[in-house]
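Peer 1: Here is the input, now give the coordinates:
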Amino acid sequence: MENKKKIMIVDDEKEFLDAFKRTLEANGFSVVTAFHKHEAEKKLTQDKPDFIILGTLTPRGDAFHLHRFIREHPRFKDVPLIVIDAPLEKRLTEGWSMDEGVQMDADDYVTKPIEPSALIPRILVLIERASRRIKVLIVDDHTVVRDGLKVVLKLQKDIEVVGEAENGLEAVEKTLSLLPDVVIMDIVMPVMNGLEAAKRIIKERPETKVIMLTQYDDEENILKAEEVGAYGFIPKRSASERLISGIRQVYAGKRLERAA
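Peer 2: Next up is the predicted model:
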């Protein structure tokens with residue numbers, strides 16, 4: 001079968017691995033297994049899985065270090081990952097320590113014992129989420145700014161730049177034709193300013209979230225942006241730290257907090 005999603009399962013219990021392998025294969029997945037950290041690291045680069053299930057490993061601490069290897073690796077850092085920890089009654093000697101747990105960067109977390117079939121719905125949701133791309137429209141009257149934003153956004157696996165506009169009126173028209181999920185909007189532009197454009201977009205297509213990205217980050221503009229219904233306000237000087245996470249946040253339906 002072509003286009004099977006490949007799942008890697010890493011755990012030091014053979015029965016656990018076998019049970020998950022049977023269930024996942026019965027649900028149409030291709031499965032790779034590994035018993036220990038070094039085998040997993042080798043198979044990651046060799047098999048390039050689409051999804052990772054990270055169970056318990058011996059010695060204690062190896063699961064945490066493998067998790068860090070995955071999250072710091074440029075090829076695998078965005079691969080969906082579920083951690084299956086040791087049961088609570090064994091946590092003093094097995095599984096993740098408390099210090100390791102606070103540093104965990106997993107998409108989901110469960111503990112043993114768990115039936116393999118119970119994990120299938122979670123896996124499907126995470127795979128679907130990972131394959132989804134956020135459609136973004138960039139609005140700024142300066143070509144160099146639009147080009148710079150495009151370069152940064154195109155590096156993101158989950159973001160797609162669907163268009164650009166150089167004034168507010170064009171932004172409204174392109175929003176209604178391209179149907180972006182998020183609009184990155186400057187304020188001071190010819191023909192129609194960004195605040196008026198944001199107001200019209202929010203009225204005519206409320207599904208699209210607008211983030212104001214401007215150098216004019218005074219209190220008056222911030223308040224006006226909030227009044228027209230913008231989901232966030234990011235000063236251009238903070239774009240490198242806040243823009244990518246801000247796009248993901250407003251796409252998830254959460255408004256951005258003001259910068260401190």
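Peer 1: where in the stretch 151-260 of the chain is pLDDT low?
Peer 2: Applying pLDDT under 70 to the stretch 151-260 of the chain picks out residues 259-260.
Peer 1: Go again with 90.
Peer 2: 154-158, 214-222, 232-233, 235-242, 245, 252-260 (pLDDT under 90).
Peer 1: how about the strands in it?
Peer 2: For the stretch 151-260 of the chain, the strands defined by DSSP state E, counting those that start in this stretch occupy 159-165, 182-185, 209-214, 232-235.
Peer 1: Can you give me the buried ones in the longest one?
Peer 2: Of the residues in strand 159-165, those buried by neighbour count under the rule 16 or more other Cβ atoms under 10 Å are 159, 161, 162, 163, 164, 165. (C-beta placed from N, C-alpha, C; glycine too.)
Peer 1: Pull the contacting residues for the last one.
Peer 2: When you say that, I think you mean residue 165. Contacts for residue 165 (Cβ atoms under 8 Å, 6 or more residues apart in numbering) come out as 137, 138, 139, 171, 173, 174.
Peer 1: Could I have the buried ones of the residues you listed as ChimeraX selection syntax?
Peer 2: Remark: buried members of those, expressed as a ChimeraX selection using 16+ other Cβ under 10 Å:
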select :137,138,139,171,174
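Peer 1: Would you mind giving the contacts of residue 165 as a markdown table with distance to residue 35 added?
Peer 2: Below are these laid out as a markdown table (distance: Cβ to Cβ, whole Å):
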| residue | distance to residue 35 |
| --- | --- |
| 137 | 48 |
| 138 | 47 |
| 139 | 52 |
| 171 | 54 |
| 173 | 57 |
| 174 | 53 |
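Peer 1: which two from the contacts of residue 165 end up farthest apart in space?
Peer 2: Within the contacts of residue 165, 138 and 173 form the most distant pair, 14.5 Å apart (Cβ to Cβ).
Peer 1: hey, where'd the helices end up in this structure?
Peer 2: Remark: helices assigned in the chain by DSSP state H are 14-26, 37-47, 62-72, 98-102, 116-131, 143-154, 168-178, 194-204, 219-228, 239-251.
Peer 1: Okay, angle between the second one and helix 62-72 too, please.
Peer 2: Helix 37-47 and helix 62-72 meet at an angle of 30 degrees, taking axes from the mean of the first three to the mean of the last three Cα atoms, to 10 degrees as the criterion.
Peer 1: re earlier: can you list the buried residues of strand 159-165 in TSV and add distance to residue 185?
Peer 2: Output for the buried residues of strand 159-165, formatted as TSV (distance: Cβ to Cβ, whole Å):
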residue	distance to residue 185
159	16
161	14
162	15
163	13
164	11
165	9
